[in-house]
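Peer 1: Please find the sequence and the predicted model below.
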Amino acid sequence: MECKEPIRAASIGVLFKQTRDAMWAAMSRALTAEGWEFTFNQYITLKRLSEGPSTAGELARGVEIHPGAMTRLLDDLQKRGLVRRLADPGDRRVLKVELTDAGRHAREVTERVAEQVRVYAMEGINEEERKALVRLLTQVRNNLIKVTQ
């Protein structure tokens, strides 16, 4: 029986949030089993830093959090030995943040766990459906970016 009720934007938004929350819960559980605990923003920060050193401001913009929150996040990661702050050789006023060896190891673990979670999330979805899902989610994201700029 076909549902005649229109799909409301609010229900789609709730589904997006529930999906994100479920993915992060699965990630968090799997990381804890590996002996690691990260917040979502710490995970994204490690991912960004795996691409190369960045300033705290660049990271805050990339992770989409307040610069003060990023400073506290980096303080925590530094205390855990996962990142270090270094003076930029091109401008001594600027501090670059980079992963330590321990941070690179943590990133390897998070990437392996993330791949496992992606496999779980895509169970029962064929390649054609996956491509369509990515295409549609990208379109929704781009539509929303257009109206918020």
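Peer 2: Great, that's in hand. Numbering: from 1, shown residues only.
Peer 1: Can you tell me the number of residues neighbouring residue 102?
Peer 2: 13 (other Cβ atoms under 10 Å). The C-beta positions use only the backbone N, C-alpha and C, and glycine is treated the same way.
Peer 1: I misspoke; the intended subject was residue 58.
Peer 2: 14.
Peer 1: Confirm it sits in a helix?
Peer 2: Yes: counting by DSSP: H, G, I helix; E, B strand; the rest coil, residue 58 is part of a helix.
Peer 1: Please name the residues that touch it.
Peer 2: Listed by Cβ atoms under 8 Å, 6 or more residues apart in numbering, the contact set of residue 58 is empty.
Peer 1: separation between it and residue 89?
Peer 2: Applying Cβ to Cβ, to the nearest Å, the value for residue 58 to residue 89 is 17 Å.
Peer 1: do residue 30 as well
Peer 2: 38 Å.
Peer 1: Please identify which of the two sits among more neighbours.
Peer 2: Neighbour count, other Cβ under 10 Å: between residue 30 and residue 89, residue 30 has more, with 18 against 8.
Peer 1: Without its sequence neighbours, what residue ends up closest to the more buried one?
Peer 2: residue 113 (4.5 Å; Cβ to Cβ, 6 or more residues apart in numbering).
Peer 1: wait, what's in contact with that neighbour?
Peer 2: By Cβ under 8 Å, 6+ apart, the residues touching residue 113 are 27, 30-31, 34.
Peer 1: with these in mind, which one is nearest to residue 144?
Peer 2: Closest approach to residue 144 among the contacts of residue 113 (Cβ to Cβ): residue 27, at 23.6 Å.
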